[in-house]
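Enquirer: Give me coordinates for this.
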Amino acid sequence: MDSTAFLKLLRGAGFDFFTGVPCSILKGAIHALEGQQEVPYVPAVREDSAIGMAAGAYFGGKSPVCLMQNSGLGYCLNALASLNLIYDIPCLLVVSWRGYQGKDAPEHLVMGRILTDLLALAGIHYEIFAENIAGEQIGRLAARLRERSKPVALIVKKGDI
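Expert: So this is what the prediction gives:
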């Protein structure tokens, strides 16, 4: 799916603040965010910083999205657990699936293997991106996020967006 179309789906679901850490799988979406003025995109140097900015944006009335790769999810799990999950701060996590099916650089293989287990263990509901139902998935995730006031995740693979 074209990155601009993907962002249009997110915006159509009410997401209006974007932050995150660069990842080659997410570079199209990040580039599209940097090239527009309609919604804020604030790059972060670390994933836990992005989670903090998203929480602040939520308290400022925004509906935030954090973009990160799965290794970054591992890095910011404590911020999610000690902030978002216990204080009911919703955020859509768009997580790139580095190491998917064991195909990537060696440093991505362990996190690639455990990504879905890690999300499930943390109690973070997730869906794996499917282009033919992307609008439905984003709608479901947005509804769940607002209904439960907890983070949710959309996992994207190389070439998805």
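Enquirer: quick one: the helices in the protein?
Expert: 3-12, 27-34, 47-59, 70-79, 85-87, 109-122, 134-148 (DSSP state H).
Enquirer: for the fifth one, the distance to its chain's centre please.
Expert: So that's helix 85-87. 17 Å (C-alpha atoms, centre = their mean, to the nearest Å).
Enquirer: I'd like to know which elements that helix is packed against.
Expert: Contacting helix 85-87 under the criterion 3 or more C-beta pairs under 8 Å, 6 or more residues apart in numbering; DSSP states H and E is no other helix or strand. (Each C-beta comes from the backbone N, C-alpha and C, glycine too.)
Enquirer: before we move on, back to that, compile the helices of the chain into a markdown table and extend it with columns for distance to Phe18 and mean pLDDT.
Expert: Shown next, in a markdown table, are the helices of the chain (distance: least, C-beta to C-beta, whole Å; pLDDT from 0 to 100):
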| stretch | distance to Phe18 | mean pLDDT |
| --- | --- | --- |
| helix 3-12 | 8 | 97 |
| helix 27-34 | 5 | 96 |
| helix 47-59 | 9 | 98 |
| helix 70-79 | 15 | 95 |
| helix 85-87 | 21 | 98 |
| helix 109-122 | 20 | 96 |
| helix 134-148 | 14 | 98 |
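Enquirer: so which of those comes closest to Ser96?
Expert: Taking C-beta to C-beta, helix 70-79 is the member of the helices of the chain nearest to Ser96, at 6.5 Å.
Enquirer: Can you dump the C-alpha atoms of that closest one in CSV for me?
Expert: What follows is helix 70-79, C-alpha atoms only, in CSV (Å, rounded to 0.1, in the frame of the first residue of the first chain):
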residue,chain,number,x,y,z
ASN,A,70,10.1,-4.3,16.8
SER,A,71,13.4,-3.9,18.5
GLY,A,72,12.2,-0.5,19.6
LEU,A,73,9.1,-2.1,21.0
GLY,A,74,11.4,-4.2,23.2
TYR,A,75,13.3,-1.1,24.2
CYS,A,76,10.2,0.8,25.3
LEU,A,77,8.2,-2.0,26.9
ASN,A,78,8.9,-0.5,30.4
ALA,A,79,7.5,2.9,29.3
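Enquirer: List the residues that contact Leu145.
Expert: Leu145 makes contact with Pro90, Cys91, Leu92, Pro151, Val152, according to C-beta atoms under 8 Å, 6 or more residues apart in numbering.
Enquirer: Just give me the closest of those residues to Gln36.
Expert: Nearest to Gln36 among the contacts of Leu145, with distances taken as C-beta to C-beta, is Leu92, at 17.9 Å.
Enquirer: Nice, that's everything, thank you.
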